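Novice: Structural data only, the sequence is not supplied:
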DNA sequence: CCAATATGACTCATATATAGATCACAAAAT
DNA sequence: ATTTTGTGATCTATATATGAGTCATATTGG
């Protein structure tokens, strides 16, 4: 009974962001979604089961399994983790090591990047 | 000068979803962020450069590089792709093959999963 | 066959992410 | 040293994802 923005939202319904993603990006998300669905079924979880475990709604899980790119990264990662899919193909301890390694390498680079001469699209 | 929801938002400011994520999930996002930042600096892109290329704002890129789990998956994947980070360590053609393989394996499993007897936390 | 339930595809209100701006400060380039 | 530009950290309005339904259909177990 409290729907103050209803009509305004309806007026704006037609405007969608319509963002473009690269092919690789779309494929990666789709694959991840299918791997999640496969792992879920192998473990004999229904959509509701997995959604409950992850603390998300069933509709959101459905979007994740479809590879919807607009899903929140944390939700996707969490679901993947629950069904046993290792992102980065490494366990938690190794992740920490890699984080430290990345930190070290970043520390060696200049802290701010500026275009020295006219390097437009270099290093390709 | 047009701030109709201002006070209402301020009233609700304290309510945050406060979702919990697993350790692995947080580490994975943090590592991915750092890898993106490292790749960006190696390619000598400023934050604004990369943000423009990805079609996102600088503030969003900053959140991504920090490993903020609430970022949109598509934005993170897109940025990663631009700086040359391969998710899944495979190129696009191989991704498509893997998607098909996943489809095949899913097709072999029952289309709907139901708890036959009393399998609570099996397969561990 | 049938009854129970999983899935797919919607809708809507609300919670929340994003864009864009501003600010102070840091650090390169000259 | 001075100027220019990158970075870090905020804030707000708006755009959009999420949760929670509903309905129809499919599919499995019994």
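Specialist: Right, received. Where do you want to start? Just so it is clear, the structure is predicted and the values come from calculations on it, not from any experiment.
Novice: Low-confidence bits of chain A, can you list those?
Specialist: Residue ranges of chain A with pLDDT under 70: A:1-17, A:116-124.
Novice: quick one: the helices in it?
Specialist: A:6-12, A:23-42, A:47-54, A:58-66, A:73-82, A:92-108 (DSSP state H).
Novice: export these to TSV and tack on distance to chain B and mean neighbour count?
Specialist: From N, CA and C alone the C-beta is placed, and that goes for glycine too. Below are those laid out as TSV (distance: least, CB to the nearest CB, whole Å; neighbours: other CB atoms under 10 Å in any protein chain shown):
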stretch	distance to chain B	mean neighbour count
helix A:6-12	10	9
helix A:23-42	4	21
helix A:47-54	8	17
helix A:58-66	9	18
helix A:73-82	3	23
helix A:92-108	4	14
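Novice: JSON lines please, covering those helices and showing distance to residue B:69.
Specialist: Formatted as JSON lines, the helices of chain A follow (distance: least, CB to CB, whole Å):
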{"stretch": "helix A:6-12", "distance to residue B:69": "27"}
{"stretch": "helix A:23-42", "distance to residue B:69": "15"}
{"stretch": "helix A:47-54", "distance to residue B:69": "13"}
{"stretch": "helix A:58-66", "distance to residue B:69": "14"}
{"stretch": "helix A:73-82", "distance to residue B:69": "3"}
{"stretch": "helix A:92-108", "distance to residue B:69": "14"}
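Novice: measure the most centrally placed residue in chain A to DNA strand C for me?
Specialist: Most central in chain A under CA atoms, centre = their mean is residue A:73, positioned 3.2 Å from the mean C-alpha point. To DNA strand C, residue A:73 is 8 Å away according to CB to the nearest atom of the strand, to the nearest Å.
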